[in-house]
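*Asks:* structural data only, the sequence is not supplied:
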């Protein structure tokens, strides 16, 4: 019986560790893909690394795109921009961005009775017991 419990605990540990490792691989895969995309876009001399000047060019390009996205948000969805821009300085700083991203992430997922996160459907969709009654 002792051996059975030891083996069971070992199996559970290995299964949990491998699941966590798979989740970690997904995160690393995304960051590796993103880095490869940035490298392909800004590595002018194709040496596989970003030099200081290439890094500066990449940073400037990212800042320009960020400023363009902020302007687009200001003009197309001013109510959302105002909600994100907590200090009303006309721009979205790093802390405001992080807070908005966390709020969006929490809003996107809904926890069920069992505590597990579930993705919400579209607003037009009905789910659960109400949908079955109709």
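*Replies:* That came through fine. Predicted, not measured: the structure shown is a model, and the values here were computed from it.
*Asks:* residues of stretch 31-43 that come out buried?
*Replies:* Counting neighbours by 16 or more other Cβ atoms under 10 Å, one finds that the buried residues in stretch 31-43 are 38-39, 42. For every residue, glycine as well, the C-beta is placed using N, CA and C.
*Asks:* among those, which one sits closest to residue 96?
*Replies:* Checking the buried residues of stretch 31-43 against residue 96 by Cβ to Cβ gives residue 38 as the nearest, at 24.1 Å.
*Asks:* now do the closest one against residue 100, distance only.
*Replies:* Per Cβ to Cβ, to the nearest Å, residue 38 is found 23 Å from residue 100.
*Asks:* now residue 89
*Replies:* With Cβ to Cβ as the criterion, residue 89 and residue 100 are 15 Å apart.
*Asks:* helices along the protein, start to end?
*Replies:* Using DSSP state H, the helices assigned to the chain run over residues 2-42, 52-76, 78-84, 94-108, 129-133.
*Asks:* give me the mean pLDDT for the second one.
*Replies:* Helix 52-76 shows a mean pLDDT of 90.
*Asks:* for it, name the packing helices and strands.
*Replies:* Packing partners of helix 52-76 (3 or more Cβ pairs under 8 Å, 6 or more residues apart in numbering; DSSP states H and E): helix 2-42, helix 78-84.
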